[in-house]
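Participant: need coordinates for the following:
(4 chains)
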There are 2 protein chains.
Amino acid sequence: MSWKKRDREERGYHHGNLREALIQAARELIKEKGPAGFTFADAARSAGVSAAAPYRHFRDREALLADVAREGFQRFEAMLSTGWANGKPDALTAFNNVGKAYLAFARAEPAYYAAMFESGLPPDLNADLRAAADRAFGVLRTAAESLVALLPAGTRPPALMMSLHVWAMAHGIASLFGRGDAGRRSLPMTAEELLESQMLIYLQGLGFPQKA
Amino acid sequence: MSWKKRDREERGYHHGNLREALIQAARELIKEKGPAGFTFADAARSAGVSAAAPYRHFRDREALLADVAREGFQRFEAMLSTGWANGKPDALTAFNNVGKAYLAFARAEPAYYAAMFESGLPPDLNADLRAAADRAFGVLRTAAESLVALLPAGTRPPALMMSLHVWAMAHGIASLFGRGDAGRRSLPMTAEELLESQMLIYLQGLGFPQKA
DNA sequence: AGCTCATGTTAAGGGAGTTTACATTAAAGC
DNA sequence: GCTTTAATGTAAACTCCCTTAACATGAGCT
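Facilitator: Modelled structure (predicted):
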């Protein structure tokens, strides 16, 4: 709540790091009112600068949003990577941890998540955004590849397909049930439990043994 | 494209069915620019009436959006019901058809879909909206119940959980890969193929036999 | 025909966002 | 110290949206 929106006097004429401050402000506003619920001027106000100031750092609102999304994808990738943990302690466990990390990110960073997946931005607005998104998905892809390698040859599903399936499951659950903030439907189980059971059934369908 | 935005002279003073025309206009605009990409005045313009006219039919923009969503849920329910076809020819096939119907709806009616799931409307803004959404989900729920009944007692998953899983899968795929319009990622398979394979694996994981 | 009321239109006030041009401050280098 | 330059601020023009009030129209009923 109390980040660097220091008063003008305290801070002087120059903001110091307006670019980053605008991204933070945008995150706050997205969290409160959704990716469409704020304007360029709002972001400037929140950062404590004039309405014209943001133009020095972003061409327009969309460019700001794109940067929020790009930054989000970077953190997302980091979070998924940590979940995967290079396949430790074993690929199956690690794979499930990736799923948990996905959901945890959506819950912990609803603003990033919304900017990334629900802002209506074209995924390849700029190369950086696209690359960041691809790298994040790459973690999923890598994990799937390690996992299918455990199956006997001949029964291995395409790893790409599998990673898309998992992405869809995680996104579906995060999107429908993952953010308690708004008037979401009430359920007899948490989003985490839902995803875990779903992944369990899915992996069983692929022939993975259940752990004891 | 050429629906009833007849000229003023051709149409006379009264529109005749402005309420419906506004909903259609909103659908067009949502399809083009997303649920947040139009204003109350825009809708009026598209319908060929003055900016003040909509107030005779909707309290505000949100009420208009809610009606688009409500209408969408009704058609959605109808489409899912048709897919389910009372479990014919057999529950397993019919269940897969529900999934296909889900995706077909998202593809054929992106505007309705966006209003229903991506507009940020509180699900229980009004009782009608909530009821329509619940009825649509009810189709999924009913289908899941019929399906689990085929499994031997003792291995039956909770039907509610299963319907939530399927909802999440279908929504995840529709949301990520289902609308070719914008700059979606290019894939080696269609959304339909993805969902079908995912459902197959999932159902196999639950113990359903594959068809010959 | 004449009434009436829902449905539209015009007009007007108030706000807000966008964007550009120009002024001001601060920091860094000569 | 002085100059240069990047980073903000201020102001203003422009456009658009929201909302309501007052007036106009015409479809249906009697």
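Participant: any idea of the pLDDT on the spatially most central residue of chain A?
Facilitator: Nearest to the geometric centre of chain A sits residue A:113, at 4.1 Å (C-alpha atoms, centre = their mean). On pLDDT, residue A:113 comes in at 97.
Participant: thought it was touching residue A:174?
Facilitator: Yes: shown here, residue A:113 and residue A:174 form a contact pair, counting by C-beta atoms under 8 Å, at 7.0 Å. (Each C-beta comes from the backbone N, C-alpha and C, glycine too.)
Participant: any shared contact partners between these two?
Facilitator: residue A:106 (C-beta atoms under 8 Å, 6 or more residues apart in numbering or on different chains).
Participant: returning to that earlier point: what about the residue nearest to the centre of chain A, which helix or strand?
Facilitator: Using DSSP states H and E, residue A:113 maps to helix A:110-117.
Participant: give the next helix or strand downstream of that helix.
Facilitator: helix A:127-148.
Participant: list the buried residues of that next one.
Facilitator: Neighbour counts over helix A:127-148 (16 or more other C-beta atoms under 10 Å in any protein chain shown) mark A:129-130, A:132-133, A:136-137, A:139-148 as buried.
Participant: which helices and strands does the helix holding residue A:113 pack with?
Facilitator: If you count contacts as 3 or more C-beta pairs under 8 Å, 6 or more residues apart in numbering or on different chains; DSSP states H and E, helix A:110-117 packs onto helix A:18-33, helix A:61-84, helix A:91-108, helix A:159-177.
Participant: who does the shortest one touch, helix- and strand-wise?
Facilitator: Using 3+ C-beta pairs under 8 Å, 6+ apart as the contact criterion, the secondary-structure elements in contact with helix A:18-33 are helix A:40-47, helix A:61-84, helix A:110-117.
Participant: ok, residues contacting it?
Facilitator: A:3-5, A:15, A:37-38, A:42-44, A:46-49, A:53-54, A:56-58, A:64-65, A:67-68, A:71, A:110-112, A:114-115.
Participant: is it in proximity to DNA strand C?
Facilitator: No: Helix A:18-33 does not reach DNA strand C (C-beta under 7 Å from any atom of the strand); its nearest approach is 10.6 Å.
Participant: quick one: mean pLDDT over that helix.
Facilitator: 93.
Participant: can you mark which positions in it are buried?
Facilitator: For helix A:18-33, the neighbour count (16+ other C-beta under 10 Å) marks A:18, A:21-31 as buried.
Participant: show me which of those is closest to DNA strand C.
Facilitator: residue A:29 (10.6 Å; C-beta to the nearest atom of the strand).
Participant: I'd like to know how far the closest one sits from residue B:60.
Facilitator: 21 Å (C-beta to C-beta, to the nearest Å).
Participant: quick check: phi and psi at residue A:187.
Facilitator: Backbone torsions of residue A:187, given as degrees, to the nearest 10, read phi -130, psi 160.
Participant: and residue A:67, how many residues sit next to it?
Facilitator: 21 (other C-beta atoms under 10 Å in any protein chain shown).
Participant: related to what we said a few turns ago, closest to DNA strand D out of the buried residues of helix A:18-33?
Facilitator: Distances from DNA strand D to the buried residues of helix A:18-33, taken by C-beta to the nearest atom of the strand, are shortest for residue A:18, at 3.6 Å.
Participant: tell me the domain ranges of chain A?
Facilitator: A:8-56, A:62-206 (automatic domain parsing).
Participant: determine which stretch of those domains is the most buried.
Facilitator: Highest mean neighbour count among the domains of chain A (mean count of other C-beta atoms under 10 Å in any protein chain shown): domain A:62-206, with a mean of 19.
Participant: would you mind measuring the gap between the ends of that domain?
Facilitator: Its start and end residues considered, domain A:62-206 measures 41 Å (C-alpha to C-alpha, to the nearest Å).
Participant: run the chain-centre distance for it.
Facilitator: 8 Å (C-alpha atoms, centre = their mean, to the nearest Å).
Participant: quick one: which of the domains of chain A has the weakest pLDDT on average?
Facilitator: Across these, the lowest-scoring stretch is domain A:8-56, with a mean of 86.
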